[in-house]
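**Q** Build me a model from this:
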Amino acid sequence: MAEIVSGFLMPHDPLIPSMPDAPPKAQQDACLGAYATIVDRLRAQEVDTVVVIGDDHYTINGPYCIPQAMIGIGDVEGPCEPWLGISRDKIDNNEALAEHIMQHGLDNGVDWTASKALVVDHSVMVPVHYAVRPLAGVRTIPVYINSGMEPLISNSRAYEVGQSIGQAIASWDKAERVAIFGTGGISHWPGMAEMGRVNEPWDRMIMDLIVKGDHATLMELSDADILRDGGNGGLEIKNFICAMGALGQCRGEIIAYEAVPEWVAGCGYMELKAA
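**A** Here you go, the predicted model:
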């Protein structure tokens, strides 16, 4: 039977590959070292497939189509952004498991949008580049929830989508060791007047809630509160919430945190473990 063996939260900041030398070297090393730690843990966990939860940035669907939840069930490649500093290439998808997750959701109240030919953006590509591609043979299932564009997915719905993913994996009748990535955040204001600001106290508050396994308080945060304290990019904590829903009762362990104005974001790395 398939099982979720781990979960990780990490940034998908496009400036990490496109402007790698912008921050002080100590911060570069800390962030790249955190990705390397995730790779080492995935290798030790003998992971076969990673479900990467990201969000669109008006590069794939919007504004003419804004799905609440989308899953790639066919051909996947990326990145779609030529400036990202990562060569565009095929991403190996676990199509059978992706279709199973989709069908389980459709049968149980999650109206997935399905993509049979998906070119991913940085929200999936950056985690794949740094934390999946170093592992030979590990496949990726891309999931997009709408944490970036109005009408936004609610925190509770993001959690429910995650729960559906977790239930689908648990019901898969083939041996598969799966990891879940929740990507993005933490505080940042992309494209806004405050771009470059990082609210480290807010970031650490979010991480502390995850360390405590306090899913309820995290989900009670309003979009207005998140926008005020974490910026429009802070809404990507919904991706974290989705990943936590997939794992169920879990707590976070901090791998690294760096407030990096040069990369316009608070970069937090965590492992999710069963509570």
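
**Q** Which residue ranges of the stretch 151-275 of the chain form helices?
**A** Using DSSP state H, counting those that start in this stretch, the helices assigned to the stretch 151-275 of the chain run over residues 155-171, 200-212, 215-220, 223-230, 237-247.

**Q** Tell me which of these approaches P17 most closely.
**A** Set against P17 and scored by Cβ to Cβ, these come closest in helix 237-247, at 18.8 Å. All C-beta atoms are positioned from the backbone trio N, CA, C, and that covers glycine.

**Q** quick check: angle from that closest one to helix 223-230?
**A** Going by axes from the mean of the first three to the mean of the last three Cα atoms, to 10 degrees, helix 237-247 is angled at 110 degrees with respect to helix 223-230.

**Q** counting contacts, what elements does helix 237-247 pack onto?
**A** If you count contacts as 3 or more Cβ pairs under 8 Å, 6 or more residues apart in numbering; DSSP states H and E, helix 237-247 packs onto strand 2-10, strand 49-54, strand 139-145, helix 155-171, strand 176-183, helix 200-212, helix 215-220, strand 265-274.

**Q** hey, which of these is tucked in deepest?
**A** Comparing the helices and strands packed on helix 237-247 by mean neighbour count (mean count of other Cβ atoms under 10 Å), strand 49-54 ranks first with a mean of 28.

**Q** Now do the same contact list for the closest residue to E271 other than its chain neighbours.
**A** In space, and not counting its chain neighbours, E271 is closest to E253: 4.8 Å by Cβ to Cβ, 6 or more residues apart in numbering. Contact analysis of E253 by Cβ atoms under 8 Å, 6 or more residues apart in numbering lists 211, 270-273.

**Q** Please tabulate those residues in JSON lines and include distance to M195 as additional columns.
**A** Listed next are the contacts of E253 as JSON lines, based on distance: Cβ to Cβ, whole Å:
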{"residue": "V211", "distance to M195": "28"}
{"residue": "M270", "distance to M195": "24"}
{"residue": "E271", "distance to M195": "29"}
{"residue": "L272", "distance to M195": "29"}
{"residue": "K273", "distance to M195": "34"}
